[in-house]
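A.B. asks: Okay, structure incoming, though there's no sequence with it:
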Ligand SMILES: C[S@@+](CC[C@H](N)C(=O)[O-])C[C@H]1O[C@@H](n2cnc3c(N)ncnc32)[C@H](O)[C@@H]1O
């Protein structure tokens, strides 16, 4: 019953493109009409309709909280986790970056965490609903939330960014779309600019795109249709795509070596840094 409800919920918020949770037109329209004083509460409630943002709702630490207390607590955890990424390794990798693009920014927790440390952030996402929520809960003067469609991307000048970051995005993208995104990232970087992307290695729990597409079970088909898959890829596959987009010498690091010990399960998670020459 609750799985069926989840599917209904996700289906009702999906936009027309793959992976566009909260992309349904009603989402930004609804948030616009909500009175100012309750916008944050509703933005969090809307985010909770997507499977992408608040990941471990069953954690016992949230037990006994009311719905809105739980949403504040889980949003607080999302903020803290992005601040940990920032402080553990990202700030160092971004040293000197003035203009930054956060590709697939979702609700904007990472953009917000970085906003005091860079000049300007373009926070890009294909989901207009996620952007509408981000503008409410993670606004900052130097963050511009930009739709990831042709018009939105055209508003970011080519060769203008010192760095592009992308976290927890490529695992959701098909090979075809991932290649387009790597090329778009390359176009937006200045010569000498760097891409810092989080990617997930294929391992026993992370199936490849081919394995997902050949899964004929109802569960497999439903998960793929609703974008509940995560595609694992080998370092070599990522390297080929990244080089194919024009980058030289991508460098892969295991995230567990960059984060303090005792973090959540980081198995197979990698950070790839690549320069545009
Ligand atoms: C799991 S969320 C990660 C959000 C954020 N980066 C974070 O770490 O909290 C993945 C995000 O990627 C966005 N996305 C998926 N495909 C995209 C694309 N082709 N271009 C831009 N954003 C995309 C989704 O809408 C979603 O907000």
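C.D. replies: Alright, I've got the coordinates. Just so it is clear, the model here is predicted, and its values are computed rather than measured.
A.B. asks: Return the residues in contact with residue 82.
C.D. replies: The neighbourhood of residue 82, defined by Cβ atoms under 8 Å, 6 or more residues apart in numbering, consists of 109, 110, 112, 113. The way it works is simple: take the backbone N, C-alpha and C, and place the C-beta from them, glycine included.
A.B. asks: What of residue 113?
C.D. replies: If a contact means Cβ under 8 Å, 6+ apart, then residue 113 has 79, 82, 83, 85, 86 as its contacts.
A.B. asks: Okay, and the second one sits in which element?
C.D. replies: So the one you mean is residue 82. If you go by DSSP states H and E, residue 82 is part of helix 67-85.
A.B. asks: next helix or strand past that helix?
C.D. replies: Per DSSP H and E, helix 67-85 leads on to helix 91-93 as the next helix or strand towards the C-terminus.
A.B. asks: hmm, the helix holding residue 82 touching the ligand?
C.D. replies: No - applying Cβ under 6 Å from any ligand atom, one finds that helix 67-85 is not in contact with the ligand, the shortest distance being 6.6 Å.
A.B. asks: What's the first helix or strand after whichever strand or helix holds residue 110?
C.D. replies: Element membership of residue 110 [criterion: DSSP H and E] is helix 109-114. Toward the C-terminal end, the helix or strand that comes next after helix 109-114 (DSSP H and E) is strand 120-125.
A.B. asks: now the helix or strand that that next one is followed by against helix 67-85, angle please.
C.D. replies: Sequence-wise, the next helix or strand beyond strand 120-125 is helix 128-137, with elements assigned using DSSP H and E. Counting by axes from the mean of the first three to the mean of the last three Cα atoms, to 10 degrees, helix 128-137 lies at 90 degrees to helix 67-85.
A.B. asks: my read: residue 175 touches residue 238, true?
C.D. replies: No - between residue 175 and residue 238 no contact is recorded; they are 10.4 Å apart, counting by Cβ atoms under 8 Å.
A.B. asks: just to revisit the earlier point, buried members of the contacts of residue 113 into PyMOL, please.
C.D. replies: What follows is the PyMOL syntax for the buried subset of the contacts of residue 113, where burial is set by 16 or more other Cβ atoms under 10 Å:
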select buried, resi 79+82+83+85+86
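A.B. asks: Spatially, and excluding backbone neighbours, which residue is closest to residue 277.
C.D. replies: With Cβ to Cβ, 6 or more residues apart in numbering as the measure, residue 248 is the residue that lies nearest to residue 277, at 5.5 Å, once sequence neighbours are left out.
A.B. asks: Point out where the stretch 151-277 of the chain drops to low pLDDT.
C.D. replies: Per-residue confidence for the stretch 151-277 of the chain (pLDDT under 70) gives these ranges: 204, 226, 263.
A.B. asks: Can you show me the strands along it?
C.D. replies: In the stretch 151-277 of the chain, the strands defined using DSSP state E, counting those that start in this stretch lie at 161-166, 189-200, 248-254, 269-275.
A.B. asks: in the second one, what counts as buried?
C.D. replies: Going by neighbour count (16+ other Cβ under 10 Å), the buried part of strand 189-200 is 189, 190, 193, 194, 195, 196, 197, 198, 199, 200.
A.B. asks: wait, does it contact the ligand?
C.D. replies: No - using Cβ under 6 Å from any ligand atom, no contact is recorded between strand 189-200 and the ligand, whose separation bottoms out at 7.6 Å.
A.B. asks: so what secondary structure elements neighbour that strand?
C.D. replies: Taking 3 or more Cβ pairs under 8 Å, 6 or more residues apart in numbering; DSSP states H and E as contact, the helices and strands that strand 189-200 lies on are strand 161-166, helix 175-188, strand 269-275.
A.B. asks: cutoff 10 Å now
C.D. replies: Under the contact criterion of 3 or more Cβ pairs under 10 Å, 6 or more residues apart in numbering; DSSP states H and E, the helices and strands touching strand 189-200 comprise strand 99-103, strand 161-166, helix 175-188, helix 235-244, strand 248-254, strand 269-275.
A.B. asks: Now the chain against the ligand: closest residue?
C.D. replies: Evaluated by Cβ to the nearest ligand atom, the chain has residue 106 as its residue closest to the ligand, separated by 2.7 Å.
A.B. asks: Can you report phi and psi for that residue?
C.D. replies: phi 60, psi -130 (degrees, to the nearest 10).
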